[in-house]
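J.: this is a predicted model, with the sequence first.
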Amino acid sequence: MARIRRNVTQDDLEITPTIKDVAERARVSIATVSRVLAGGDGVSGELAKRVRAAVRTLNYHPNRNARNLRAGKIRTVGVVIPNIENPFFTSVVRGIENALQAAGYTLLLGDADEDPVREQLYLSTLRAEGVAGIILAPVDDKPEGYEELLSTRVPLVAIDLSPGDLSVDLVTVANARGARAAVRHLINLGHTRIGLISGPLHFSTAQERRAGYEQELTAAGLPLGADLVQLGAFREAGGHAAMRALLDLPEPPTAVFVANNLMTLGAIKAIHERGLRIPDDVAIIGFDDMPWADSLQPPLTVVAQPTYELGATAARLLLARLREPERPIRRIVLETALVVRSSCGAKGPTTGP
Ligand code: RIB
């Protein structure tokens with residue numbers, strides 16, 4: 001299905017005018033604006049005239065949602081994800097939705113399509129719509145992109161990674177432990193020259209997975225060859241280019257750990273393009289299970305994230321924050337599972353921590 005991609009510009013980021021904007025323009029208090037909007041009792045003609053002029057100029061419409069929100073009637077939560085086509089996020093959203101529905105909330109979903117500007121458009125729109133809270137899987141990891149949202153005090157829960165060191169609730173997984181389990185498995189199968197295709201190292205998820213890879217090699221007394229680590233941008237094309245670079249080495253690795261689902265697809269494609277066999281020529285383990293991982297030939301060994309539980313836990317965290325806005329920040333780390341099939345060379349399938 002063709003994706004219609006509307007270029008999102010900064011103009012799209014115009015935020016719906018608020019009652020505060022009207023008060024500033026009319027040079028009156030917010031309370032005076034409210035009184036004029038409610039009929040003007042007790043407000044002089046001159047002030048009422050200035051308020052009505054400001055309302056017209058700003059094209060301000062009283063946000064019924066804001067009133068409902070104050071009255072505790074809003075039952076909508078905004079969810080913004082980087083890429084709706086990525087099965088990792090679709091499963092996360094399913095977990096969010098089911099937990100919210102069980103609590104009587106509905107969900108408004110925004111697909112940022114990996115575009116920070118589009119992500120900001122969704123965040124400002126959801127805020128203007130007056131959602132009760134927002135669950136965000138960030139496209140970017142730069143905190144400055146989210147500080148304004150935090151300043152509005154809209155309850156926010158992050159999934160997968162938290163941009164910078166923003167003080168928000170977060171649900172993620174034990175990335176390093178998951179990576180260690182994958183590398184240890186390859187070592188136990190006899191591999192001593194193991195490559196890594198990493199995501200961008202400014203993302204905490206990529207840093208932690210790389211750390212786990214290095215820790216396990218070091219624990220086994222194996223060298224950390226710089227040429228064995230390639231960056232793949234967490235995208236399919238990046239995984240493809242990174243695997244080609246590893247295969248072009250004078251002494252290519254006999255096994256590769258790939259740090260996310262999209263890069264794993266690209267890596268497998270590069271291996272097959274060379275006419276090489278998995279696992280005989282190159283064993284492979286990918287981070288993230290996928291719906292069709294056991295349908296690949298050979299079936300793919302993965303580090304599986306509890307994606308549904310990630311979403312459900314994030315929804316429960318947000319609901320708890322709605323009940324208790326000043327509760328302490330929570331960082332919840334869920335465990336991954338090594339799902340052994342046969343792309344690593346083992347006689348799978350088995351599943352373990
Ligand atoms: O594409 C989704 C994957 O990238 C998941 O591993 C998520 O953690 C991100 O790293």
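T.: Sure, I can see it.

J.: element containing residue 302?
T.: strand 301-304 (DSSP states H and E).

J.: that strand: what's the following helix or strand?
T.: Next along the chain after strand 301-304, taking DSSP H and E as the criterion, comes helix 307-323.

J.: rounded mean pLDDT for that next one, please.
T.: The pLDDT scores in helix 307-323 average 97.

J.: is that helix positioned near the ligand?
T.: No: Helix 307-323 lies out of reach of the ligand by CB under 6 Å from any ligand atom, never closer than 8.5 Å. For every residue, glycine as well, the C-beta is placed using N, CA and C.

J.: following element in sequence after that helix, please.
T.: Proceeding N to C from helix 307-323, the next assigned helix or strand is strand 331-334, under DSSP H and E.

J.: helices of the protein, start to end?
T.: Secondary structure of the chain (DSSP state H): helices at 19-26, 30-37, 45-58, 64-70, 87-102, 116-129, 147-151, 175-188, 204-219, 236-247, 261-273, 307-323.

J.: for the shortest one, name the packing helices and strands.
T.: Going back to what we said before, that points to helix 147-151. The contact analysis (3 or more CB pairs under 8 Å, 6 or more residues apart in numbering; DSSP states H and E) places helix 147-151 against no helix or strand.

J.: ok now that helix, how far from the chain's centre?
T.: The chain centre lies 17 Å from the centre of helix 147-151; the measure is CA atoms, centre = their mean, to the nearest Å.

J.: convert the C-alpha atoms of it to PDB, please.
T.: Coordinates of each C-alpha in helix 147-151 appear next as PDB, following Å, rounded to 0.1, in the frame of the first residue of the first chain:
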ATOM      1  CA  GLU A 147      11.100  19.600  27.500                       C
ATOM      2  CA  GLU A 148       8.300  21.900  26.300                       C
ATOM      3  CA  LEU A 149       5.800  19.000  26.500                       C
ATOM      4  CA  LEU A 150       7.000  18.300  30.100                       C
ATOM      5  CA  SER A 151       6.500  22.000  31.000                       C
END
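
J.: quick one: average pLDDT of it?
T.: pLDDT averaged over helix 147-151 gives 76.

J.: so what's the nearest residue to residue 276 once chain neighbours are set aside up against?
T.: Leaving aside its sequence neighbours, residue 276 sits nearest to residue 282 (CB to CB, 6 or more residues apart in numbering; 5.8 Å). Residue 282 sits next to 247, 252, 253, 254, 255, 256, 271, 276 when contact means CB atoms under 8 Å, 6 or more residues apart in numbering.
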